[in-house]
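*Asks:* turn this into a structure:
(chains A, B, C, D, E and F)
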4 protein chains.
Amino acid sequence: MQESYCEKKEAILASAMELIAEHGFHGTPTSMIAEKAGVGTGTIYRYFESKDELIYALHKELERKIKKLILDRYNPNDPLRVRFMLLGKVILRYFIDNPNEFRFLEQFVYSPYGIACRREKIFGNNNQDNGNDILKELFNEGIAQQVIREMPVAILHSLFFGPIMSVARDRILGFIELDEAMITRTIESCWNAVKL
Amino acid sequence: MQESYCEKKEAILASAMELIAEHGFHGTPTSMIAEKAGVGTGTIYRYFESKDELIYALHKELERKIKKLILDRYNPNDPLRVRFMLLGKVILRYFIDNPNEFRFLEQFVYSPYGIACRREKIFGNNNQDNGNDILKELFNEGIAQQVIREMPVAILHSLFFGPIMSVARDRILGFIELDEAMITRTIESCWNAVKL
Amino acid sequence: MQESYCEKKEAILASAMELIAEHGFHGTPTSMIAEKAGVGTGTIYRYFESKDELIYALHKELERKIKKLILDRYNPNDPLRVRFMLLGKVILRYFIDNPNEFRFLEQFVYSPYGIACRREKIFGNNNQDNGNDILKELFNEGIAQQVIREMPVAILHSLFFGPIMSVARDRILGFIELDEAMITRTIESCWNAVKL
Amino acid sequence: MQESYCEKKEAILASAMELIAEHGFHGTPTSMIAEKAGVGTGTIYRYFESKDELIYALHKELERKIKKLILDRYNPNDPLRVRFMLLGKVILRYFIDNPNEFRFLEQFVYSPYGIACRREKIFGNNNQDNGNDILKELFNEGIAQQVIREMPVAILHSLFFGPIMSVARDRILGFIELDEAMITRTIESCWNAVKL
DNA sequence: CATGAATGAGTTTTCATTCAT
DNA sequence: CATGAATGAAAACTCATTCAT
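*Replies:* Predicted structure coming up:
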């Protein structure tokens, strides 16, 4: 692994994540990030070309984590429904337990950053994106097995994950309570949306 | 002449909507809004106390429109499923046909503006918010009729509208195609998520 | 009197005086003056070339009033000391009774406006300035009678009126009390500064 | 290096003093101060929270200097009259030699800044203000010795310093000449105003 | 490598002044 | 004459980025 672990870089990423989650991109000057990270302002620019690059790095890192989460829990031997239920629960749980990462992701996705990023991922020559590939396969497998409705994968994705994001949001902002049973029922509903 | 229709104010609102949809709140200086609207920069401040107030006004206007849309289509004599299907389709169609408004709304909702606004609406003494009340009643009616799963209204809301927003987004950004049949199938899926 | 009395002009002058006394030159937009005067903003420019001209007019008006005050009370048959005492008391009393005019005058005198104005008056071809002439005569008469110290009139002026302005200020801002007896004693002191 | 002497901060203060003396607070944009100081506009805000804070700092600095001046010359063993004469002369001389500081002070004192400042000093819990305390003591001592008229200290202050400021002003604006002998005679007159 | 003082382009906002009605 | 909507130049202030140390 040539990306030698660097304490300062990690500190910058962690500070940025926390601060942006709370104050937003434009409410978080680089000086604030540097201060919280305990480094000089200039130091940020040794590790990232620009503030934008830092934000993209943050997103990439987060995406990597979530993909890992998916891959870790993905057991191809489980029945499809079980795999979906597990996936949904794991992701919802992850966001509830990591509200800063959720708040960051949300802000990223719906900002010009996220649009550009998403566009790149879909229309760019997406060489390897094995996290999404898993999801894609999962949906396709479900369609082939006639367990999931035959619809474009992107729509199935929205049907299954749209509510999860929305519920996570309400939970994190304190608008709803959410015990284990209710999480299960919620993911069940998501499944009902895509199943045949 | 009630509400003294004001050409310049309308032009400012329209320009702001369009530009913010594309460039985001912070990528849209007031000078840019003024220029596109064909007015002087100072003119904005004759109609809005500040840039923030302009943004809130934009949101309020949009909310009003959407509520009207809901109320117009809401026929209490239709069966529940029909009402939901209609509602989902109307909203999805509206966003597809008004992509700037959708892009604006999305950015608003996930920004500090939107969070404050939502919090106010939920925890504030929400005097009369008859657009949401309709939705709330709709869900409660469904639960009472044992047609909809017995879950907190906020979660049902997420289950039904989460995917709609997500699909609208993909459509507007050009990531998916969406003909009338697919819209119907998508809303059906949303219904499946909440139905018993 | 060709300067035909004009209600609106008077209203503008009165409003400006009051507002500037309280908020200062730069804390008083023309729109505020117009509103208080009950006229349109544009109307100000029918009577005054610019905001600066309005301010100069205000000062001129005030100076005229004070000169009148002096001339009214000036009885050449009184002994010099009596004339001075009366003058001092009348002026101090005027400022105490008209705090807005005092606050305006003070701000004017010590601002770039006042400097320019004063310079003009001293070095310009001061055709007729009979208010100051009276004062000048008064001091010269005192010197001639060997009742007043032989010093440049400007210095005598400072010695006599400097304390009066300073005391008026403290009184108006509420820093000191000032009954009739104390006023008399104060003016006596001013006299002591200039008398032989 | 105590107080870490900072070249740029000094340059900003000096430029601000000079420019405000000439053009007034509102005639001196921060950009002008920065340019004259040979720094970027942003640099001002590294050293001062706001333009207002810069102005307060300027005043504080000046007050400190003047207090030092007073304390340096104050010899409690001199007869009272001598002490007063010396004080008056020193202060008048200082203003004549530092016209920018005088012009600044004058504008400050008669502006909302100065009023607030003065009010604070009089009514606030003035912990230690040993410059003014010296003056206060001086007047009280004079009263006790029956050398100075028994009047409120604030009024005595006006009687003694009012003319000094007024004369300094006339001198600085070039309205009068003022040689050493005339300075002495002027301060004598100030003394005559307060002496018994 | 790391720093943080310095920068100045860019942002929001104000307000004296104009001019079509 | 009177108006007040419209203007845009100018102001205070911020902050991503650089670079000398």
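*Asks:* which SSE is the residue of chain A found nearest chain D in?
*Replies:* Here chain A gets closest to chain D at one residue, residue A:31, 11.3 Å apart by Cβ to the nearest Cβ. (Glycine included, C-beta is placed from N, CA and C.) Residue A:31 is part of helix A:30-37 when elements are defined by DSSP states H and E.
*Asks:* what does that helix rub up against?
*Replies:* If you take Cβ atoms under 8 Å, 6 or more residues apart in numbering or on different chains as the criterion, helix A:30-37 is touched by A:8, A:11-12, A:14-16, A:18-19, A:23, A:40-41, A:43-44, A:51, A:54.
*Asks:* ok, now which ones touch residue A:68?
*Replies:* Residues in contact with residue A:68 (Cβ under 8 Å, 6+ apart): none are found.
*Asks:* and residue A:96, by the same measure?
*Replies:* Going by Cβ under 8 Å, 6+ apart, the list of residues near residue A:96 reads A:102, A:168, A:171-172, A:178.
*Asks:* and which of those is nearest DNA strand E?
*Replies:* Proximity of these to DNA strand E (Cβ to the nearest atom of the strand) peaks at residue A:102, which lies at 27.4 Å.
*Asks:* contacting residues for the closest one?
*Replies:* Residue A:102 sits next to A:21, A:95-96, A:168-169, A:172 when contact means Cβ under 8 Å, 6+ apart.
*Asks:* what residues are up against the closest residue to residue A:6 other than its chain neighbours?
*Replies:* Computed as Cβ to Cβ, 6 or more residues apart in numbering or on different chains, the closest residue to residue A:6 that is not its neighbour in sequence is residue A:47, at 7.3 Å. Taking Cβ under 8 Å, 6+ apart as the criterion, residue A:47 is in contact with A:6, A:8-9, A:12, A:54.
*Asks:* so how far is residue A:90 from residue A:71?
*Replies:* Going from residue A:71 to residue A:90 by Cβ to Cβ, to the nearest Å gives 11 Å.
*Asks:* again, but for residue A:153
*Replies:* When distances are taken as Cβ to Cβ, residue A:153 and residue A:90 turn out to be 20 Å apart.
*Asks:* same question for residue A:136.
*Replies:* 18 Å.
*Asks:* repeat that for residue A:177.
*Replies:* Plainly put, residue A:177 is 20 Å away from residue A:90 if you go by Cβ to Cβ.
*Asks:* more crowded one of these two?
*Replies:* Neighbour tally, residue A:177 and residue A:90, criterion other Cβ atoms under 10 Å in any protein chain shown: the higher count belongs to residue A:90, 17 against 10.
*Asks:* quick check, that one in a helix?
*Replies:* Yes: with DSSP: H, G, I helix; E, B strand; the rest coil as the criterion, residue A:90 is assigned to a helix.
*Asks:* residue A:73 is in contact with that one, correct?
*Replies:* Yes: at 5.1 Å, residue A:90 and residue A:73 qualify as touching, with contact defined as Cβ atoms under 8 Å.
*Asks:* make a PyMOL selection of the buried ones in the contacts of helix A:30-37.
*Replies:* Provided next is the PyMOL selection string for whichever of the contacts of helix A:30-37 are buried by 16 or more other Cβ atoms under 10 Å in any protein chain shown:
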select buried, chain A and resi 11+12+15+16+18+19+43+44+51+54
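*Asks:* residues in contact with residue A:158?
*Replies:* Shown here is residue A:158, whose contacts under the criterion Cβ under 8 Å, 6+ apart are B:163, B:166-167, B:169-170.
*Asks:* repeat the analysis, applying 10 Å as the threshold.
*Replies:* A:151-152, A:165, A:193-194, B:162-171, B:175-176, B:186, B:189-190 (Cβ atoms under 10 Å, 6 or more residues apart in numbering or on different chains).
*Asks:* which of these fall within helices?
*Replies:* Secondary structure assignment by DSSP state H places A:165, A:193-194, B:162-171, B:186, B:189-190 of those in helices.
*Asks:* identify the residue spatially nearest to residue A:153, adjacent ones excluded.
*Replies:* Of all residues beyond its chain neighbours, the one nearest residue A:153 is residue A:139 (4.7 Å), with distances taken as Cβ to Cβ, 6+ apart.
*Asks:* from residue A:89, how far off is that neighbour?
*Replies:* When Cβ to Cβ is applied, the distance between residue A:139 and residue A:89 equals 18 Å.
*Asks:* looking at the two, which one has more neighbours?
*Replies:* Residue environment comparison for residue A:139 versus residue A:89 gives the larger neighbour count to residue A:139, 24 against 19, counting by other Cβ under 10 Å.
*Asks:* let me know the helix or strand that that one is in.
*Replies:* helix A:130-144.
*Asks:* pull the CA atoms of that helix into CSV?
*Replies:* Listed in CSV are the C-alpha atoms of helix A:130-144, where the atom choice follows Å, rounded to 0.1, in the frame of the first residue of the first chain:
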residue,chain,number,x,y,z
ASN,A,130,-17.4,-3.0,-7.5
GLY,A,131,-19.6,-1.7,-4.7
ASN,A,132,-22.3,-0.6,-7.1
ASP,A,133,-21.6,-3.7,-9.2
ILE,A,134,-22.6,-5.8,-6.3
LEU,A,135,-25.9,-3.9,-6.0
LYS,A,136,-26.4,-4.1,-9.7
GLU,A,137,-25.8,-7.8,-9.7
LEU,A,138,-28.1,-8.2,-6.7
PHE,A,139,-30.9,-6.5,-8.5
ASN,A,140,-30.3,-8.3,-11.8
GLU,A,141,-30.2,-11.6,-9.9
GLY,A,142,-33.5,-10.8,-8.3
ILE,A,143,-35.0,-10.0,-11.7
ALA,A,144,-33.7,-13.2,-13.2
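*Asks:* so how far is that helix off the chain centroid?
*Replies:* With Cα atoms, centre = their mean, to the nearest Å as the basis, helix A:130-144 stands 17 Å off its chain's centre.
*Asks:* give me the residues contacting it.
*Replies:* Taking Cβ under 10 Å, 6+ apart as the rule, helix A:130-144 contacts A:63-64, A:66-71, A:74, A:76, A:80-81, A:83-84, A:87, A:121-122, A:126, A:129, A:147-157, A:159-161, A:194-196.
*Asks:* at 8 Å instead, please
*Replies:* Outside helix A:130-144, the residues that touch it by Cβ under 8 Å, 6+ apart are A:63, A:66-67, A:70-71, A:74, A:80, A:83-84, A:87, A:121, A:148-150, A:153, A:156-157, A:194-195.
*Asks:* show the buried residues in these.
*Replies:* Neighbour-count burial within the contacts of helix A:130-144 applies to A:63, A:66-67, A:70, A:74, A:80, A:83-84, A:87, A:148-149, A:153, A:156-157, A:194-195; the criterion is 16+ other Cβ under 10 Å.
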